[in-house]
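> Provided below are the primary sequence and the corresponding predicted coordinates.
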Number of protein chains: 2
Amino acid sequence: MTRKDLVANIFDKGSFLCIGLDTDPRRIPKHLLKYEDPVFEFNRRIIGATHDLCVAYKPNIAFYEANGAEGWVSLERTIDIIPENIFTIADAKRGDIGNTSAMYARAFFHAMDFDAVTVAPYMGEDSVTPFLGFENKWVILLALTSNKGSSDFQLLSLDTGRPVYEAVLTTARQWAGTGQLMFVVGATHPEKLADIRKIAPDNFLLVPGVGAQGGSLEEVCRYGLNKEVGLLVNSSRGIIYASDGEDFAEKAREKALDLKNRMSEILDRTFG
Amino acid sequence: MTRKDLVANIFDKGSFLCIGLDTDPRRIPKHLLKYEDPVFEFNRRIIGATHDLCVAYKPNIAFYEANGAEGWVSLERTIDIIPENIFTIADAKRGDIGNTSAMYARAFFHAMDFDAVTVAPYMGEDSVTPFLGFENKWVILLALTSNKGSSDFQLLSLDTGRPVYEAVLTTARQWAGTGQLMFVVGATHPEKLADIRKIAPDNFLLVPGVGAQGGSLEEVCRYGLNKEVGLLVNSSRGIIYASDGEDFAEKAREKALDLKNRMSEILDRTFG
């Protein structure tokens, strides 16, 4: 998907919501277990109930891999039913030497036609560039993550006086333009978003950590919005596990609608 | 596998060779394509021809994922036929927030019974510890990788005057003992191994980059050996793609035997 189409979708829908499909067979409602592929059934109903409210879905690849070959089938079937105009993110956090990253790119962009894949920066340029060779496909590079461990290495101060994650932002922006490169910035660090916007004013940011992890949508928007919105705010568990009963899809819609309405308000207020 | 068993296997076999199973369906000999699962057939014959020469196999997960659900089946079948006393490494370079790393741990340690998984450090402690909750299972954490991009972030100097990868070594050693934690150190940085041994004298190091990437076994051993050997030296392409004809397994054995013989000599010379 092009950046232009993504931005148009956001304004059309009044939403920059990304819904994380962290689908765990042990957490989905019991009545779905009678189906041949319960994970797919769950995703199908969640997507059916929410696709008008969000602009992106983000399957968390770990949850599918944990089920082996079957999980991979559930993932492939899920991607196939996501409507064409919704941005799809393989949350995989891959990154390896060039020939290996090229294989991951093939898995996610060619075999499965995701729009984007999350990539870990530790191995540097040649671990990232193989993902950039696909037209209108995106790398979403980890910069400052939402978890506690983000302080272990990402926030260490370099001899330049700047933290490691800022070096990731600055350096990676030399590898790709804003039509192919986003960054992951956790909602749990809203105060850092102003600094990040100085370094990466135009890049889209994928922001996890609103909801179960405690980040605030309003704080994220205060510091993170740019002229073209520039944010995809993700919620996973807070939406998809809103209920474990037969009403799970309906309850997921309520949670998604609540976030979407707050986003619409922010967009109206900001862009009139 | 316990550390004690791993060390015993190394001395028994006179080898600290790890063979990387980077099996690409586009590179395997054409005559195997008639089989239902050519990747598995290739691996089965490589393992049959080399298992007495190595102490570890390292499937590179990207190469299996690139084939989707089928690839995952090839991987599962491969793991099932590796002899019990050979250390198995899922070269996956995973690392995510806690609940997600826990799913990856389940995929590789529970669903597939690998002995070890490679993990990327960028997200810090809570992305790594979920892998440590399995008895006699190992984390192999990226420290200083073999690729060119290793200089982009790993070699940046912190305000302490030390490079980022040294902070990874020092900090991660607080998370796990030497019976569960190894580090990846590329053979392309042999001169750094002496520094690394000062920080991590007892940890095993997984050393890729000998062979196709140009690293030297002798240099690696000069600086990297410790009292219990402490090295697993990996070769992938240099062994498994030694020939693309019907003699591929035989030629792979020759390449593996050459490395193994050089390792035996080094072990004899060092440990008498």
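Cool, got the structure.
> got the CA positions of the longest helix along chain A in PDB?
Longest helix in chain A by number of residues (criterion: DSSP state H): helix A:248-271. Output of helix A:248-271 as PDB, limited to C-alpha atoms (Å, rounded to 0.1, in the frame of the first residue of the first chain):
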ATOM      1  CA  PHE A 248     -16.700 -11.800  22.000                       C
ATOM      2  CA  ALA A 249     -16.900 -10.200  18.500                       C
ATOM      3  CA  GLU A 250     -19.600  -7.800  19.600                       C
ATOM      4  CA  LYS A 251     -17.600  -6.700  22.700                       C
ATOM      5  CA  ALA A 252     -14.400  -6.400  20.600                       C
ATOM      6  CA  ARG A 253     -16.400  -4.100  18.300                       C
ATOM      7  CA  GLU A 254     -17.400  -2.000  21.300                       C
ATOM      8  CA  LYS A 255     -13.800  -1.600  22.500                       C
ATOM      9  CA  ALA A 256     -12.600  -0.800  19.000                       C
ATOM     10  CA  LEU A 257     -15.500   1.700  18.500                       C
ATOM     11  CA  ASP A 258     -14.600   3.500  21.700                       C
ATOM     12  CA  LEU A 259     -11.000   3.900  20.500                       C
ATOM     13  CA  LYS A 260     -12.100   4.800  17.000                       C
ATOM     14  CA  ASN A 261     -14.500   7.500  18.300                       C
ATOM     15  CA  ARG A 262     -11.700   9.000  20.400                       C
ATOM     16  CA  MET A 263      -9.500   9.000  17.300                       C
ATOM     17  CA  SER A 264     -12.200  10.700  15.200                       C
ATOM     18  CA  GLU A 265     -12.500  13.400  17.800                       C
ATOM     19  CA  ILE A 266      -8.800  14.000  17.800                       C
ATOM     20  CA  LEU A 267      -8.700  14.100  14.000                       C
ATOM     21  CA  ASP A 268     -11.600  16.600  13.900                       C
ATOM     22  CA  ARG A 269     -10.000  18.800  16.500                       C
ATOM     23  CA  THR A 270      -6.600  18.700  14.800                       C
ATOM     24  CA  PHE A 271      -7.500  18.800  11.100                       C
END
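> Confirm for me that A:G95 is in contact with A:D126.
No. Look at A:G95 against A:D126 with CB atoms under 8 Å: they stay out of range, at 10.1 Å. Yep, even glycine has a C-beta here, placed from its N, CA and C like the rest.
> which bits of the stretch 101-250 of chain A sit near chain B?
A:101, A:103-104, A:106-107, A:111-112, A:120-128, A:142, A:145-154, A:156-159, A:161, A:164, A:167-168, A:171, A:213 (CB under 8 Å from any CB of the partner chain).
> In helices only, show me the residues you listed.
Reading helices off those with DSSP H, I get A:101, A:103-104, A:125-128, A:150-153, A:164, A:167-168, A:171.
> tell me the two of those residues that are most distant?
Farthest apart among those by CB to CB are A:M103 and A:S151. That separation is 32.1 Å.
> which of these two has more neighbours?
Per other CB atoms under 10 Å in any protein chain shown, whichever of A:M103 and A:S151 has more neighbours is A:M103, with 22 against 15.
> How about the more buried one, nearest residue that isn't a chain neighbour?
Sequence neighbours aside, B:A62 is the residue nearest to A:M103 in space, at 3.9 Å (criterion: CB to CB, 6 or more residues apart in numbering or on different chains).
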